[in-house]
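Engineer: Structure of the sequence below:
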Amino acid sequence: RRFCKSANPMASLSFSSLVSSATNLSRSVSALAASTDAHLRQLDDEQTDAVDRIVQPPQRATFNSAAQRAEMHNRLTKQALAANAAGDIAEAASLFAQASGLDPRPTTI
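Structural biologist: All right, here's what the predicted structure looks like:
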């Protein structure tokens with residue numbers, strides 16, 4: 001059965017074609033996930049260690065309070081954003097790495 005016609009091109013699709021499309025999409029997503037998992041399993045220890053150092057940097061300034069580390073993080077992040085805006089990508093990356101070590105946040109990884 002067809003839905004009523006409208007300006008929306010999706011409205012002219014039958015229910016069975018929508019279900020079929022959703023099923024195909026689900027299979028594609030599953031295949032992509034399986035492929036990604038297989039690729040990740042192939043990473044050697046050195047590569048995974050390098051990723052871990054980026055995603056979970058060692059804590060820096062451990063003698064400072066959490067509030068002080070957060071303040072230093074914010075200052076470095078502002079400097080990193082300014083460096084990035086100025087086109088100095090290497091400096092921005094270095095500053096983001098320093099900031100992430102002070103107060104790890106997804107926004108500075």
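
Engineer: how far does the helix or strand containing Leu18 sit from the chain's center?
Structural biologist: Assigned by DSSP states H and E, Leu18 belongs to helix 15-42. The chain centroid and the centroid of helix 15-42 are separated by 20 Å, computed with C-alpha atoms, centre = their mean, to the nearest Å.

Engineer: Ok, stretch 28-43 next?
Structural biologist: Taking the mean of its C-alpha atoms, stretch 28-43 sits 17 Å from the chain's own mean (C-alpha atoms, centre = their mean).

Engineer: For that stretch, give the mean pLDDT please.
Structural biologist: Along stretch 28-43, the predicted local confidence has a mean pLDDT of 76.

Engineer: The helix or strand encompassing Arg53: how far from the chain's middle?
Structural biologist: Secondary structure from DSSP H and E places Arg53 in helix 45-55. Averaging C-alpha coordinates over helix 45-55 and over its chain gives two centres that are 15 Å apart (C-alpha atoms, centre = their mean).

Engineer: and the angle for that helix with helix 15-42?
Structural biologist: Using axes from the mean of the first three to the mean of the last three C-alpha atoms, to 10 degrees, one finds that helix 45-55 and helix 15-42 are set 110 degrees apart in direction.

Engineer: Flag every buried residue along helix 45-55.
Structural biologist: Applying a neighbour-count criterion of 16 or more other C-beta atoms under 10 Å, helix 45-55 contains no buried positions. To be clear about C-beta, it is placed using only N, CA and C from the backbone, and glycine gets the same treatment.

Engineer: Can I get it in PDB? Just the C-alpha atoms.
Structural biologist: Coordinates of the C-alpha atoms in helix 45-55 are reproduced here as PDB (Å, rounded to 0.1, in the frame of the first residue of the first chain):
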ATOM      1  CA  ASP A  45      50.900  -3.000  20.900                       C
ATOM      2  CA  GLU A  46      53.000   0.000  19.900                       C
ATOM      3  CA  GLN A  47      50.100   1.500  18.000                       C
ATOM      4  CA  THR A  48      47.600   0.900  20.800                       C
ATOM      5  CA  ASP A  49      50.100   2.400  23.300                       C
ATOM      6  CA  ALA A  50      50.400   5.500  21.100                       C
ATOM      7  CA  VAL A  51      46.600   5.800  20.900                       C
ATOM      8  CA  ASP A  52      46.400   5.400  24.700                       C
ATOM      9  CA  ARG A  53      48.900   8.100  25.300                       C
ATOM     10  CA  ILE A  54      46.800  10.500  23.200                       C
ATOM     11  CA  VAL A  55      43.400   9.500  24.700                       C
END
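
Engineer: Fine by me, thanks again.
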